[in-house]
Each structure stands twice: as C-alpha cells, then as structure tokens.
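1. predicted model, plus sequence, below.
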Amino acid sequence: MKEIVIIDDEPEIRHFLSYLLSQKGYRVTLCESGQDFERLLPELDADLALIDVKLPDASGLDILKQLKQAVPHCIAIIMTGYSTVKTAVEAIKLGANDYIEKPFDSIDELEALLDHLLNHHHAPYAHEISLLADELGIMVGECEDMHHLLTLAHKIAKKSLNVLIEGETGSGKDVLARFIHHASHRSNYPFIAINCGALSVSLLESELFGHEKGAFTGAFKERKGVFEIADRGTLFLDEIAEASPATQVKLLRTIETGEYRRIGDEALRRTNTRIIAASHADLAAAVKANTFREDLLYRLDVVKLTIPPLRERKQDIPLFLKHFLKQHNTSLSFSDEAIEQLMKYPWPGNIRELANVVKRAVTLAEDETAMITPHYLPEKIRLHSPEPSVISTDKCEGSVLESYLEEWTEEMLRLWDHDCEVNLEDVLLHVKALEVEVGKAFVSKTINETMGNRKAAADKLKISTRQLRYLLSEKN
Ligand SMILES: Nc1ncnc2c1ncn2[C@@H]1O[C@H](COP(=O)(O)OP(=O)(O)OP(=O)(O)O)[C@@H](O)[C@H]1O
C-alpha cells in the first residue's frame, strides 16, 4: 500500500486530504508542524509528501530539502497560496515534483495529479519531454543544466504562470518558449512571437493591442492585436528590454488586469494570454539603469529560465552537428579535425551561429566531398585559437580587438606574399570577416556602455536596432 505524508498546520486541510486519500486506499500519515516532521523523519519511508509551503515553525522549502535527502525516492508536492507561487517555483527547482494552490479549485485535478505521480513517477516525464522535443525538432543534448531546465519548463508549462527566459542571442529562447507552449494546455490555441526591438513604438503598440480604422494615418482598416489573436494561447515577447517606457506601462496594465484597449477605441477588451518574455540583456541590470520597469519585471519573472550559452555546453556540439546534418538530409559528416576546430570556437552567436556554419559547410561541400574538413569552415573558426583572438559579444576590450587586427593583418600579408596559391574568394571572405568582427566589437563595446540597452547603443552608433542585431549576426 502506498504511503502519503501530509505536512500542514491547518487542521481542515489535514483532515480533508486524509479523508480523500484514505478513501482511495492510501495509507496516510499526518504532521502538523516542522517539529512533528523532524520527529517522524528517521522512520519515514513515504511514497509521496504533500508539504505546506509555510508552517509556523518551519519553511516548506527546508522540509523539502530534508525530505529529499532522507527519502530521495519520495515524490514531493508543495501546497501554496497565490502569494507564495514564486516560492513554489523555487521548490520545483529544489526537486519538488509539482505544486498545488490552496484553496483547491478542483478535487478531480488533485486526485488525477496524485494518481499520475504515484503511478508513473519520473520516467514518463523524461519520456514526454523527449517526445515533445523530437516533435518540435529540438535537440536536448547531454548537458545536465539543459535537462534540468527542460524538466522545470515542462513542469511549469501547465500552470498559468508568466515565464521569463534569459539567454544570449541565438541560444534558443524562442525554441524554449515554443516548447512551453506545446507542453501546456494552451497548445491548441495560437503561439505568437513578437520582437519588441524590431518595431517602432507606435507599430509595436498597434501589433500588441490592435487598432481601429482611422486610429492613425495609414490605419485604413481595423486590425486585431496579438493580445487578441493569442487569446487562450501564448504570447512570446522577445527582446522585451527594448519596449519603450510608454509601452512598458501599457504591457504592465494588461498583464496585471488582463484588460487592454485597441488604439483609437474606448472599449475595454479582455485577454487570457500567457506571457513568455525573453531578453538577452540582464533585466535586473536594466532596472538598475532605469531603462526597465521594476514592477513589470516582477510580473514577468514569476518563473525565470536561463539558457546556458553554447560555449558552456560544448559537449553537445557533436550532437548538434548530427542534428543539423540530418535536417539538411545529407550523407555528409564532419571530420575529426573539423569537430576539434568547432569545439575550440567560443560561439558568440550560439546555436544559431552553429546552425549557419553547418548550412554553409553543407552547401560548399556537397558534390565535392563526403567529409566536411576544416577547409569548409569559415575563417573565423579556422583561424580561431583558444586565446581570445576573435571578438566575442561579451568581450570587447580594446586589447582583444587589437590582437584580432594583428592576426588579421598577418594572415592577409601571408596571402599577399604569394608563398601559397591564392584563392581570391578566400581573401575576400577574410576582408568580410574583418568587417563583421570590427562591427561586432563596436556594437558590443557600446552595448556595455549603455548597460545592455540596445536601443540606446543603436542611437549612439547612429544605426537602427535592426542594423545592430544584424551586426551582431543575430539574424540570418
Ligand atoms: N535545442 C535546439 N535544438 C535545435 N535547434 C535549436 C535549439 N536551440 C536553438 N536552435 C536553433 O537555433 C536558432 C536560434 O534559436 P532561437 O531563435 O530560439 O534563439 P534566441 O535565443 O531566441 O535568439 P534571439 O536572441 O536572436 O532572439 C534557431 O534556428 C533554432 O531553431
């Protein structure tokens, strides 16, 4: 017989759960305080624990840690009130299997959750995650941090919580947002992605909230906004840090109340959209720099998922290569030397950059060879040495630029001296690489100066944010 322990100081909750679960044939043990739990712990061998997040003499998180240490196989569910949802998410990060909100909305759902957890436990979750990832063309890889991240994303997907995804450019924020949408109960409704950095203030507001006919010059007919289109679905707000202060205020209001107005319309409309926001910039730093609203960050950052950059999960590079080769439907493979070279490169553009490198190599190598050798890799990768000779987006000190320029000049003079056969295309690629790296260095330096505010950096450099993203090789 499966044993369930209930740790809650409210007698009504203990009695209700005890009655419900005994009826279902589970053996139930009750604890009314942290002290009670500690007394029981040495003898405890429960299959499932329901833990109140706040007890008068202990925190649910401490109890969870003790439980996971003493009885690792025990399934843990945190019981929380709305105001403590953030703590519940914290509990999931610490190993809780799920959380439920009190008062319980639906007893059926609670029963179904307990039955599912007790009868299918860990393996099916991993299985469900890998099935969904396959379906969406997501390569999960072997990095433990990524596995934790996807497990957490999968667990919270079914809750109506806003999510904030942080991660460097090209690291897979959009991919993760789609994964959450498809793992949620909203998957039959639209997933809409919108880039807050790519549109002017008025265009962004019209995209978000919609407009009435004649609301502004050029508004020839009425238009739905994405809050309306993604009703009951998911709205992915990419590059949220770049929304203007005025748009941030409107977003905050809609996120808080679920209400909005189309531009040029007085009527109040309602939306039930889950927000997933993403930023490559550190939003906490943006709040400190007064470029992002603290209250908006608080609303968005209910669950924060941080994607590690590719350079911190290089063990996955060979798997990504296979994944992308398969997508190109080719029999080509990478030589050991090419893989070695790819493993040394720091990948400032992350997975997008890697995908582009594979695409380029396949295009060049197809019909010429069966093996992609370093020859088919871009200069920046072939020339890269583990020392910081290539400018990365987060290292933009003058010395790094200087050493890159020195290396570039040396290589150009070598080509010029004709001691080897010259392929003019290679020379021109080398010139192009210089343009790219110098552009990137200026942009990175300016973004650092503006504390991550891309709009301010673009203004300072007298370019558009779209151009800035292009210079950072963020868009194909
Ligand atoms: N785990 C993954 N498996 C397969 N492909 C991936 C994975 N992660 C990212 N990619 C691919 O890498 C590219 C960039 O991913 P994505 O657009 O999600 O990055 P991003 O962090 O949202 O970028 P940006 O900061 O520019 O918005 C896409 O082509 C995507 O398909």
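-> Great, that's in hand. Numbering: from 1, shown residues only.
2. residues contacting the residue nearest to E101 when sequence neighbours are not counted?
-> Excluding its sequence neighbours, the residue lying closest to E101 (Cβ to Cβ, 6 or more residues apart in numbering) is T80, at 5.8 Å. For every residue, glycine as well, the C-beta is placed using N, CA and C. Neighbour list for T80: 53, 60, 87-88, 99-102 [criterion: Cβ atoms under 8 Å, 6 or more residues apart in numbering].
3. where is the longest helix in this protein?
-> Longest helix in the chain, counting residues (DSSP state H): helix 424-449.
4. doesn't Y125 make contact with H154?
-> Yes: using Cβ atoms under 8 Å, H154 makes contact with Y125 at a distance of 6.6 Å.
5. the stretch 1-150 of the chain against the ligand: which residues are in contact?
-> 138-139 (Cβ under 6 Å from any ligand atom).
6. what's the burial count for the one residue in the chain that gets nearest to the ligand?
-> The minimum distance from the chain to the ligand, using Cβ to the nearest ligand atom, falls at G172 (2.9 Å). Using other Cβ atoms under 10 Å, G172 has 22 neighbouring residues.
7. just list the residues touching it, thanks.
-> Going by Cβ under 8 Å, 6+ apart, G172 touches 138, 307, 350-351.
8. which ones among those lie within helices?
-> With DSSP H as the criterion, helices contain 350-351 from among the contacts of G172.
9. contact partners of the helix or strand hosting L40?
-> Using DSSP states H and E, L40 sits in helix 34-40. Residues from elsewhere that reach helix 34-40 (Cβ under 8 Å, 6+ apart): 5, 7, 29, 31, 55, 57-58, 62-63, 66.
10. out of the residues you listed, which are buried?
-> For the contacts of helix 34-40, a neighbour count by 16 or more other Cβ atoms under 10 Å gives the buried set as 5, 7, 29, 31, 55, 58, 63, 66.
11. surely K344 meets L383?
-> No: K344 is beyond contact range of L383, at 10.7 Å (criterion: Cβ under 8 Å).
12. give me the more crowded residue out of those two.
-> Between K344 and L383, L383 has the larger neighbour count (other Cβ under 10 Å), namely 19 against 12.
13. the more buried one contacts E411, doesn't it?
-> Yes: using Cβ under 8 Å, L383 is in contact with E411, at 6.5 Å.
14. with adjacent residues omitted, what lies nearest to K2?
-> D47 (4.5 Å).
15. how about the contacts made by the one you found?
-> Contact partners of D47, counting by Cβ under 8 Å, 6+ apart, are 2-4, 73-75, 118.
16. buried subset of those residues?
-> Listed as buried from the contacts of D47 are 2, 4, 74-75; burial here means 16+ other Cβ under 10 Å.
17. would you list those residues in CSV and tack on pLDDT?
-> CSV is the format used below for these (pLDDT from 0 to 100):
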residue, pLDDT
K2, 88
I4, 94
C74, 92
I75, 92
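18. from the residues you listed, which two are the most distant?
-> Among those, the pair separated by the greatest distance (Cβ to Cβ) is K2 and C74, at 10.9 Å.
19. overlap of the contact sets of the two?
-> With Cβ under 8 Å, 6+ apart, K2 and C74 have common neighbours 47-48.
20. skipping adjacent residues, who's closest to L252 in space?
-> The spatially closest residue to L252, leaving aside those adjacent along the chain, is L296, at 4.7 Å (Cβ to Cβ, 6+ apart).
21. can you give me the buried ones in the helix or strand containing the one you found?
-> Using DSSP H and E, L296 maps to helix 294-300. Across helix 294-300, burial judged by 16+ other Cβ under 10 Å covers 296-297, 299-300.
22. in those, find the pair that's most separated.
-> Distance extremes for those: the farthest pair is L297 and R299 at 7.4 Å, using Cβ to Cβ.
23. how many neighbours does E43 have?
-> Residues lying near E43 (other Cβ under 10 Å) number 7.
24. check the one 10 residues further on too.
-> For V53, the count of nearby residues is 23 (other Cβ under 10 Å).
25. measure the residue nearest to it when sequence neighbours are not counted to E144 for me?
-> In this structure, V53 finds its nearest non-sequential neighbour in G60, 3.9 Å apart by Cβ to Cβ, 6+ apart. Applying Cβ to Cβ, to the nearest Å, the value for G60 to E144 is 26 Å.
26. now do the contacts for the residue nearest to L252.
-> Counted by Cβ under 8 Å, 6+ apart, L296 has contacts 248, 251-252, 255.
27. and the furthest pair within these?
-> Comparing every pair within those by Cβ to Cβ identifies Q248 and I255 as the most remote, at 10.3 Å.
28. quick one: contacts of the following helix or strand past the longest helix of the chain?
-> Going down the chain from helix 424-449, the next helix or strand is helix 454-461, by DSSP H and E. Outside of helix 454-461, the residues within contact range by Cβ under 8 Å, 6+ apart are 197, 239, 241-242, 281, 291, 442-443, 446-447, 449-450, 464-465, 467-469.
29. next one: stretch 236-251
-> With Cβ under 8 Å, 6+ apart as the contact definition, stretch 236-251 has outside contacts at 173-174, 177-178, 181, 191-198, 201, 204-205, 208-209, 260, 275-281, 283, 286, 291-293, 296, 300, 452-455, 465.
30. having no further points to raise, I will conclude here.
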